[in-house]
Every structure is written in C-alpha cells, then in structure tokens.
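*Asks:* sharing a model prediction with you, sequence too.
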2 protein chains.
Amino acid sequence: MSAIQFSVTARDGASAARTGSLVTPHGTIPTPIFMPVGTQATVKAMTPDELLQVGAKVILGNTYHLYLRPGHELVRRLGGLHEFMQWHGPILTDSGGFQVFSLGELRRITEEGVKFQSHIDGSYHFISPETSIAIQEALGSDIMMCFDECPPSPGDFEYVRRSLEMTTRWARRCKEAKTRADQALFGIVQGGIFPELRRRSMDELREIGFDGYALGGVSVGEEKERMLDVMRFSAPFFPDDKPRYVMGIGTPEDLIEGIHAGYDMFDCVMPTRNARNGMLFTSFGRVNIKRGEYLEDPGPLDPECDCYVCRTFSRAYLRHLFRSGEILSSRLNTLHNLHYYLKLMEQARGAIAEGRFLDFRREFYAKRERNTYLS
Amino acid sequence: MSAIQFSVTARDGASAARTGSLVTPHGTIPTPIFMPVGTQATVKAMTPDELLQVGAKVILGNTYHLYLRPGHELVRRLGGLHEFMQWHGPILTDSGGFQVFSLGELRRITEEGVKFQSHIDGSYHFISPETSIAIQEALGSDIMMCFDECPPSPGDFEYVRRSLEMTTRWARRCKEAKTRADQALFGIVQGGIFPELRRRSMDELREIGFDGYALGGVSVGEEKERMLDVMRFSAPFFPDDKPRYVMGIGTPEDLIEGIHAGYDMFDCVMPTRNARNGMLFTSFGRVNIKRGEYLEDPGPLDPECDCYVCRTFSRAYLRHLFRSGEILSSRLNTLHNLHYYLKLMEQARGAIAEGRFLDFRREFYAKRERNTYLS
C-alpha cells in the first residue's frame, strides 16, 4: 500500500497533457503542479499563510540544507518539517544528491555514497542512499526522493552508463532502507542525453517499483533545446499510472512544454530567486523591474494578474523598493512570481480538462510575441 | 483652522500621563502612540496590510531619504506618499534636519540652510526651512515637522543657545513657507541639556504657534539617564492642549517613562532595526533569538503575546531562520516587535483611562525583574 494515491483525471487528447489528483497524507495535490522551493525550511521571503494565498499545493524541502542546518534530528524532535515550519500541506524532499554533486571539488563519490564538505563551515560529512532516506524520514516529508548520482552534462556515454547503473543500485538500497508507511518514494531517471540510457534507467527503476518517477539531470548545464529534447523523448518511457516529475526546471515556457509532453510535477528556484533579482514573470513576458522605463509608471505590474501586488502597488513603487534594496521588494516580487507560476498551472489544468490545451499553449506564446516591448 | 484636532480624553491623575485623540485627514490617532518608521516609503519588511494588523495608527516617513530617492516630485506626481506606498492611514514626516546633521563632515550649516552630500551617490544638495516644507508638501504627509538644527550633545551652552535661536528663526520660516491647509506643522524644541534653554525654545515656538510640539535632540549621543532627565524636566514647558511628541526614542522603558511624563507620541527605529538583528521585545524583557538556549525551544517567543508569530512559530524555528539569514526572519521579528510596541501603547492607554497607570508601570517593570533569565 502506497502512502499516496495518484489518478489521472483528464487527458487533453490532442497532446500528452493530462490532469491528475495526487492524494498525500497532508492533502491532495492537483496536477500539473509547480512546487515552490523551501530550501532552509522556508520558501524564501514567504510565510506559510502566503503560500496558501498564492495557491501553493505542495512545497519542496532540501535535504542537504536541512541536514546541515538546523539538522534533521532536531527537526524530528520538534515534530518534523511540517510542524517546524508550520506548513501543513504536502512536502516533497529531494535526496540531497543534486546539492552534494553541485559541490564539485568538495565531494568524493564511491559506491557506498558521497563524502563532502559543508558549504557552511567546511566540516566533513557522508551521505549514502541509506542516510538520505534516514534524513528524509526524520524530516517526515510526504514524498521522498531516491539518492541518485547526477552526472555532468552532456557526459560521455560510458560514464553516464556506469553512473546510471550505480543510481539504479542506490535506488534499490533507498527502497530497502525505507521504513515509514506514511511516506512515498520516487525513483529518479538518469541517462543524460542518451535515449537508450534514459529508457534503460526507467526500466530498471520500474522493475524495483516506486510511487512515482522523476526525470533527473535536466537542469544541469544543458542547453535549453537539448534539455527540452530529453524531456520530450523520455516522457513515453514513464508509466502512465504514476506521477511524472521533472526536477529543477524551469521557466514558464519550460513548464508549458513539460505539461505538453505529459509531465505532472515541476520545481525550480527560478520564480523565487529571480524575484529577489527584480526579474518578474507576467502574462506578457518578463519584466525587469529595475529598468528606467518604470520610474514613473503608475500601472500594475501585470494588468491580467489578480495577486495582492498587482491589485495594490504601481510599477514605480516596485522599482523604487528594488533600487532601495528593501526587504519588501523581495517579498512582493516573490509573492507575485509564485502567484504567476501557480496560476499558470491552474489555467493549464483548466485547459486540459476542457480539451483545449493546445489553444491555451498557443495563446500563451502569442501574448508574449505581441508584447515583446515588455521583455 | 488647523488640519488636525487634538483633545485630551483621559488623565491618569496620579501622574502626568494622559490619553488623547488626534484627528488627522487620514484618520484618528489614539494617544499615547508609537509610530513605526518607514524611511524609504516602506516600514522595513512590512506590507501596509501588516501594519494595520499589528495595530499601527500612524507611521513616520523620512524626508531626507525620500527627497534623494525616489524624489519628492516623483512621489507627488504619483499621488503623494500615501498613494505611492499604499498606506492610507496618517503619516508624519520629519524635516530631514536630523538626517542631514547626522551626515557630519558631509554637511555645512549656514543661516540660510544646510548644504550636504548624498549618502547614496555623493551628489550635492541644499535644504532650507523652505525646501523642507516644499518637500513635505509634495509628500503630502498629515503632519510635517519644522526644519531644525540638532546640535551635538551634550553641547556647550553658548553653542546650544545660538543653535536654538536659529532653530526658532527656521521654525518661523517653516510656518511662513507652508501653503497647504490639509497638513499640520509641529515645532521642535531644542536646547540640549539646559532647562532654561529648553523653556526658552518652547516659549518662542509657542509664540509662533504650531499644531503640536516635539522634543528634539534627545536621541543623539545622550546618556540614557540624562535623556530621561531632559524629557522629564521639559514636559511641563509643553502646552497641555497640543500633542507632545518625543522624537527618536526609544526602548519600551523609555516609552513608559515618556508617557509617565505626559508625552503623547513616539517614534524610533529600534523595534524594526533590532528585529533584523535578532533582538526581540517581550513581556519578560529582551530575547536575543540567536542564543543557543533557544536551539530546541518549542515554545512561543512570548507566551503573553497574541501576534501571528507567537501564535504560530517556535523559538527554535525563529532561531533557525535568523542563523540561516532568511528574509522570513526579518519579517517575523519585525512583525512581533511592532506588535509588542503597539500593544504596549494600547495597554498604556487602557491603564490611563482606568486611572491605574502607575500600577501598570509597576507591573511592567516587575515582570522584567522576575524574568531576567530571558534578558
């Protein structure tokens, strides 16, 4: 018996896009969905109340960061991550693999696991498939991810093949290490840019059997087109009856293409990180709020948006806050960007349910072309 | 006809403490009141909605900062400061005098006004009593402050005397420069630590006639006891029928003493700035949230506080956010500290109205002594 239940609720028909319902111990997630990233037990600049307000249905926690600070055992003693950060909706935790591999010279991979140095204080640590699961169980997320190796991209075929073989062995160890019945576990498909390796990775993971499957390694170093390629050619390898998750992407356009290809779940730091850098997403494309053209602009950031920021403040004010380095700038920009991403998912779900996803996708791009002056 | 109406609504009887009602074009302010500081058209880390939520009745805007960025003319063209920042309650603007004098080597004072260099880009500027009023009229605050000289403290008697004479002349020029009927203007009492100079400053200002009077120069360089002394001995010089405002202080204890001495209005960056540094005000005294003793503390920051932060999060979580440098730390800490300050004012008003302010003051200090382990 899985800790989650997934069912496809509608299919677009003209594309692979689909809507679904993912029931977790902390609530039901409608898919396709975008998951805001809450690295250090907080989605940066947001309260849990605001996450609900912008329509977040599930958030992502980073195992690597929480393991280092404040420590997973502390979080467990304080009631788990939901209780610690007072987010009572579903949480997915990554495995720490991606962050650890991103450390570069600071880590060393063996069959057993990965030795690495903390980015905070340089102290030495070791994470294996077993410890990754133990940490995620202490955090108490609804959905855990297998500890995988994320090879450099585009990698050499032989290296990627050997890496994915180890990722398969690690996935089996993760499943065996899992003890809690109230947490689901997703496998991560690797295989770089090579269709036959992606297919093989998927087949091996399905044989082990997971509650859902994720496409890994598409957010690292890939050129945009190649990443979209991998996403598209890999989609048919995924089982139809389990949630399909593309890790670490992306732009609004990436999400539309991912949904088009048949994926259900996405996460990315882009809406939150870009917000803090003054890059805002609107119906008409990107707005760089620091630009001089907004100096005296009394209009809302996005006239089509009904978020608190667009209902309340002018572009001129948002520009002033950004240029003055005010915390409120990060807050308002984040609130808007997350609202935009989550509204886009809601609109996509509606379009799929009504069998007009291709029209929706066409309109989405058309608006952007008409309003390039805003980009 | 004044733009504001002030009436004393209750007197403590056993002390000079009093409650009042200050009617302004943007709403009625109950006094005693604390005014959160919104330097750059935002109370740092707070939305206007949250200011209402914590009980703010009036906020302070800084003329010097807004003049430099985004510029008062821009704010005027965008509908004034209320509209620009979407705070629809009363606003008091300072005159820019204090900030300009704080620039030290970067400014030069003459009878005409002050030449100074911007702290942002080093550009040269000039503010006189007339330009200060013009800027404050462009900002459109409910209450403007006279441009004054804020002499170094404790200063030489002769220097302070000459300075306050110029402050009087500047106050007259401010009143003459004022053109808008929907803004009030307060005079600022100077005179350093010298009772006879404070009295003389007050007498001269009263002769000119203002809508309210403020005690200036008590937040600069004074030792605590001396500052309290100046505040206490100056109170009787103030007219009874106008609002009395102590500028730039202070701690919760300072406010209690100010109210005790008969003052009505206070402002200070302390609750907001200290919040961002992890210093929190509670019923039991100060809490330095970064301390190790809170590492696994599951309790609320202040068990007697009913703010969102104390109702929702643990000390352990607040400590984690602070140590992780998260924006949410600044937000939650600011929300709590402002709530604490404004609740304290509300409680003081209640105590005065019921003639038990001295008991209230005694309990306020007693709680702090009993709980020194938290300080």
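*Replies:* Happy to help now that I have it.

*Asks:* surely residue A:295 touches residue A:318?
*Replies:* No - the criterion here is CB atoms under 8 Å, and residue A:295 misses it with residue A:318 at 11.2 Å. The C-beta positions use only the backbone N, C-alpha and C, and glycine is treated the same way.

*Asks:* which one of those two is surrounded by more residues?
*Replies:* residue A:318 (26 against 14; other CB atoms under 10 Å in any protein chain shown).

*Asks:* could you list the low-confidence segments of the stretch 151-300 of chain A?
*Replies:* Low-confidence segments of the stretch 151-300 of chain A, defined by pLDDT under 70, are located at A:221-222.

*Asks:* relative to chain B, how far out is the spatially most central residue of chain A?
*Replies:* Taking CA atoms, centre = their mean, the centroid of chain A lies closest to residue A:267, which sits 1.2 Å from it. For residue A:267, the distance to chain B equals 19 Å [CB to the nearest CB, to the nearest Å].

*Asks:* and residue A:11, backbone torsions?
*Replies:* phi -130, psi 140 (degrees, to the nearest 10).

*Asks:* skipping adjacent residues, who's closest to residue A:181 in space?
*Replies:* residue A:3 (6.4 Å; CB to CB, 6 or more residues apart in numbering or on different chains).

*Asks:* which residues are in contact with that neighbour?
*Replies:* A:24-25, A:142, A:180-184, A:211 (CB atoms under 8 Å, 6 or more residues apart in numbering or on different chains).

*Asks:* over to residue A:72?
*Replies:* Listed by CB under 8 Å, 6+ apart, the contact set of residue A:72 reads A:63, A:66, A:134-135, A:138-139.

*Asks:* can you pull the pLDDT of the closest residue in space to it that isn't next to it in sequence?
*Replies:* In space, and not counting its chain neighbours, residue A:72 is closest to residue A:138: 3.9 Å by CB to CB, 6+ apart. pLDDT recorded at residue A:138 is 98.

*Asks:* just checking, residue A:138 touches residue A:75?
*Replies:* Yes - Residue A:138 sits in contact with residue A:75 when judged by CB under 8 Å, with a separation of 6.4 Å.

*Asks:* neighbour count winner among these two?
*Replies:* residue A:75 (26 against 21).

*Asks:* for the closest residue to residue A:219 other than its chain neighbours, grab the count of nearby residues.
*Replies:* Leaving aside its sequence neighbours, residue A:219 sits nearest to residue A:248 (CB to CB, 6+ apart; 3.1 Å). Around residue A:248 sit 22 other residues, with neighbours defined as other CB under 10 Å.

*Asks:* and if you look at the one 10 residues further on?
*Replies:* By the other CB under 10 Å criterion, the neighbourhood of residue A:258 contains 27 residues.

*Asks:* once you drop chain neighbours, what's closest to it?
*Replies:* Residue A:258 sits nearest to residue A:246 (CB to CB, 6+ apart), 5.0 Å away.

*Asks:* what ranges does the stretch 151-300 of chain A have for its helices?
*Replies:* All helices of the stretch 151-300 of chain A, identified by DSSP state H, counting those that start in this stretch, fall at A:157-177, A:195-208, A:224-234, A:252-261, A:270-276.

*Asks:* so residue A:330 touches residue A:273, yeah?
*Replies:* No - with contact defined as CB under 8 Å, residue A:330 does not reach residue A:273; the gap is 10.2 Å.

*Asks:* okay, these two: which has more neighbours?
*Replies:* Counted by other CB under 10 Å, residue A:330 and residue A:273 do not tie: residue A:330 has more neighbours, with 24 against 14.

*Asks:* pretty sure the more buried one sits in a helix.
*Replies:* Yes - the assignment for residue A:330 by DSSP: H, G, I helix; E, B strand; the rest coil puts it in a helix.

*Asks:* need the contact list for it.
*Replies:* Counting by CB under 8 Å, 6+ apart, residue A:330 has contacts A:44-45, A:275-276, B:327.

*Asks:* where does the stretch 51-200 of chain A get nearest to chain B, residue-wise?
*Replies:* Closest contact between the stretch 51-200 of chain A and chain B, by CB to the nearest CB, is at residue A:70 (4.5 Å).

*Asks:* for that residue, give me phi and psi.
*Replies:* According to degrees, to the nearest 10, residue A:70 has phi -90, psi 0.

*Asks:* I figured it hits residue B:321, correct?
*Replies:* No - with contact defined as CB under 8 Å, residue A:70 does not count as touching residue B:321 (9.7 Å).

*Asks:* need the overlap of contacts for these two.
*Replies:* Joint contacts of residue A:70 and residue B:321 (CB under 8 Å, 6+ apart) are residue A:41.

*Asks:* any chance of the contacts of residue A:72 in JSON lines, plus secondary structure and distance to residue B:204?
*Replies:* Below are the contacts of residue A:72 laid out as JSON lines (DSSP: H, G, I helix; E, B strand; the rest coil; distance: CB to CB, whole Å):
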{"residue": "A:63", "secondary structure": "helix", "distance to residue B:204": "68"}
{"residue": "A:66", "secondary structure": "helix", "distance to residue B:204": "63"}
{"residue": "A:134", "secondary structure": "helix", "distance to residue B:204": "75"}
{"residue": "A:135", "secondary structure": "helix", "distance to residue B:204": "70"}
{"residue": "A:138", "secondary structure": "helix", "distance to residue B:204": "69"}
{"residue": "A:139", "secondary structure": "helix", "distance to residue B:204": "67"}
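
*Asks:* follow-up on the earlier one: and the residue of the stretch 51-200 of chain A closest to chain B, how far from residue B:323?
*Replies:* Here the criterion is CB to CB, to the nearest Å. By it, residue A:70 lies 8 Å from residue B:323.

*Asks:* more neighbours: the two, which one.
*Replies:* Comparing residue A:70 with residue B:323 by neighbour count (other CB under 10 Å), the higher total belongs to residue A:70, at 23 against 17.

*Asks:* check contacts around that one.
*Replies:* So residue A:70 contacts A:41, B:295, B:316, B:320, B:323 (CB under 8 Å, 6+ apart).

*Asks:* again, only this time at 10 Å
*Replies:* A:40-41, A:78, A:84, B:295-296, B:316-317, B:319-321, B:323-324 (CB atoms under 10 Å, 6 or more residues apart in numbering or on different chains).

*Asks:* could you do residue A:319 as well?
*Replies:* Here residue A:319 is in contact with A:278, A:287-297, A:301, A:329, B:70 (criterion: CB under 10 Å, 6+ apart).

*Asks:* give me every residue in the stretch 101-250 of chain A lying close to chain B.
*Replies:* Proximity of the stretch 101-250 of chain A to chain B (CB under 10 Å from any CB of the partner chain) is limited to residues residue A:120.

*Asks:* ok, and the closest non-adjacent residue to residue A:134?
*Replies:* Residue A:134 sits nearest to residue A:177 (CB to CB, 6+ apart), 7.0 Å away.

*Asks:* quick one: furthest residue from the center of chain A?
*Replies:* Extreme point of chain A relative to centroid (CA atoms, centre = their mean) is residue A:296; 35.7 Å.

*Asks:* where's that residue relative to residue B:112, distance?
*Replies:* Distance from residue A:296 to residue B:112, by CB to CB: 31 Å.

*Asks:* please apply the same query to residue A:125.
*Replies:* 65 Å.

*Asks:* cool, residue A:134 as well?
*Replies:* 73 Å.

*Asks:* do residue A:28 as well
*Replies:* 70 Å.

*Asks:* same check on residue A:67?
*Replies:* From residue A:67 to residue B:112 the distance is 63 Å (CB to CB).

*Asks:* neighbour count: the two, which is higher?
*Replies:* The neighbour count for residue A:67 versus residue B:112, taken as other CB under 10 Å, is higher for residue A:67 (25 against 12).

*Asks:* just to revisit the earlier point, show me what contacts the residue nearest to residue A:72?
*Replies:* A:63, A:66-67, A:71-77, A:80-81, A:180.

*Asks:* now intersect these with the helices, please.
*Replies:* A:63, A:66-67, A:72-77, A:81 (DSSP state H).

*Asks:* what ranges do the strands span in the stretch 1-150 of chain A?
*Replies:* A:5-11, A:18-24, A:27-31, A:33-35, A:37-38, A:59-61, A:91-93, A:107-109, A:114-117, A:124-127, A:143-145 (DSSP state E, counting those that start in this stretch).

*Asks:* many thanks, I have nothing further to ask.
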